[in-house]
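In: Pasted the sequence and its predicted model underneath.
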Amino acid sequence: MSLAAEQRFERIVAGESLSGAFFFHGDAGRLRDEAARRLADAALEPATRDFNFDSYRGADVSPESLAAALAMAPMMAPRRVVVLYEAERLTPKGCKVVEDVLENLPGDLTLIITATIPDRSKKAFYRRLKEGALSLEWSTPREAEVPGWLIERAERRYGVRLAADAAAALGSAVGADLGLLDAELAKLAAAASDGEVDLEQVQELVPNVREVNRWAWFDVVGSRDYMKALGLLPRLLAGPSESAVGLLNGLVEQHLFLGIAADGGAGRVTEILGQVGKPYLKWKARAWAGQARSWTPEEIDRALELLLEADRQAKTGHGDLAVLEGLLLRLETLKRDI
């Protein structure tokens, strides 16, 4: 995921060894190419930058020009830097130039290559790039992971603290396009005079912020305020990307972690999220731990049974609103009967 790529990238930029080949790929082009520019800046000596830096785009550079740039020695500096954007648009001869250099890379060259690999591509060029260079992927996170990505990005890139409810509202308004999310985040960070961005600021500065978003609704359900969740449901389902199946998947995941939180608290949730490769959800650990205090293990087990039953109904053509209303009413009955 993009957060993992960014964390490793920050360690690379902070290190002393910046020579070598780097392959940055993935569909989050804005962040991927920004990383390429930052690495180039870190690897170059400012005083000799003009002599030791070349930047090309795959569709525009000839194989001959690319080969000449890659063969040139640095001038009055420890290394030379060549950045090649959009390598997927190279000609076959251009691809061969890159492959040949990767097989015998000069020790005083930093070669940075970016590309969007076409879906299901089996082109050997991309495999050779991954094998011959340090490869990092900037990909779009799942919708469930967007708020966590925003919180991490706000702190690491812009030095501001983004409140959890603000991150959920921003992600719900913009979607999973990391380029658009980052543009909105940059705007919010610039307006944050005290180093913090709260929900009110997001509502003021970001268009299309929804009155109800899935994360706020999940918290209402997790807190067992089912009548409130029932009242919010029609507005939530009015969102263009919301469906019963999608919401039920989120609720099942939430209730599984409520069970973990009930057993071991927020620390145990964080530990498990790391083990299962879901670091973006760590921002929910404290909220789940708080909600878990309202549950017994038996109630969570029964709630999961009801969720799976509702999921089967949703997948067999029952109406979204009817399925979720029925679920919330059964959960309310469960709460009253225990």
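Out: On my side now, so go ahead. Remember, it's a predicted structure, so these values are computed and weren't measured experimentally.
In: Tell me which stretches of this protein form strands.
Out: 20-25, 53-57, 80-85, 109-115, 134-137, 161-162, 196-197 (DSSP state E).
In: Make a markdown table from those strands and add mean pLDDT and mean neighbour count to it.
Out: Glycine gets a C-beta too; all of them are placed from N, C-alpha and C. Shown next, in a markdown table, are these (pLDDT from 0 to 100; neighbours: other CB atoms under 10 Å):
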| stretch | mean pLDDT | mean neighbour count |
| --- | --- | --- |
| strand 20-25 | 96 | 23 |
| strand 53-57 | 97 | 17 |
| strand 80-85 | 97 | 23 |
| strand 109-115 | 97 | 24 |
| strand 134-137 | 94 | 17 |
| strand 161-162 | 96 | 21 |
| strand 196-197 | 95 | 18 |
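In: For Val252, which of those is the nearest?
Out: Nearest to Val252 among the strands of the chain is strand 161-162 (26.6 Å), distances taken as CB to CB.
In: Any chance you could list what contacts that closest one?
Out: 150-151, 154-155, 170, 185, 188, 195-197 (CB atoms under 8 Å, 6 or more residues apart in numbering).
In: Ok, which of the strands of the chain comes nearest Glu305?
Out: strand 161-162 (35.9 Å).
In: thinking again about what came up before, quick one: the strands of the chain as JSON lines, columns for distance to Trp295 too.
Out: Output for these, formatted as JSON lines (distance: least, CB to CB, whole Å):
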{"stretch": "strand 20-25", "distance to Trp295": "43"}
{"stretch": "strand 53-57", "distance to Trp295": "55"}
{"stretch": "strand 80-85", "distance to Trp295": "51"}
{"stretch": "strand 109-115", "distance to Trp295": "47"}
{"stretch": "strand 134-137", "distance to Trp295": "37"}
{"stretch": "strand 161-162", "distance to Trp295": "28"}
{"stretch": "strand 196-197", "distance to Trp295": "32"}
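In: Relative to Ala216, which of those strands is closest?
Out: strand 161-162 (15.4 Å).
In: Can you tell me the strand partners of that closest one and which way each runs?
Out: strand 196-197 (parallel) (DSSP bridges).
In: Excluding sequence neighbours, find me the nearest residue to Glu271.
Out: Once flanking residues are discounted, Glu271 sits nearest to Gly264: 7.8 Å by CB to CB, 6 or more residues apart in numbering.
In: Same question for Glu103.
Out: Using CB to CB, 6+ apart, the nearest residue to Glu103 is Gly132, at 7.0 Å.
In: Count the neighbours of that neighbour for me.
Out: 19 (other CB atoms under 10 Å).
In: hang on, the earlier thing: looking at the strands of the chain, which is nearest to Ala68?
Out: strand 53-57 (9.3 Å).
In: re earlier: could I get the pLDDT score of the residue nearest to Glu271?
Out: Listed pLDDT for Gly264 reads 91.
In: quick revisit: now the residue nearest to Glu103: how far from Ala59?
Out: Going from Gly132 to Ala59 by CB to CB, to the nearest Å gives 22 Å.
In: pLDDT weak spots in the stretch 101-250 of the chain?
Out: Of all residues in the stretch 101-250 of the chain, none has pLDDT under 70.
In: If anything else comes up later, I'll come back, but that's it for now.
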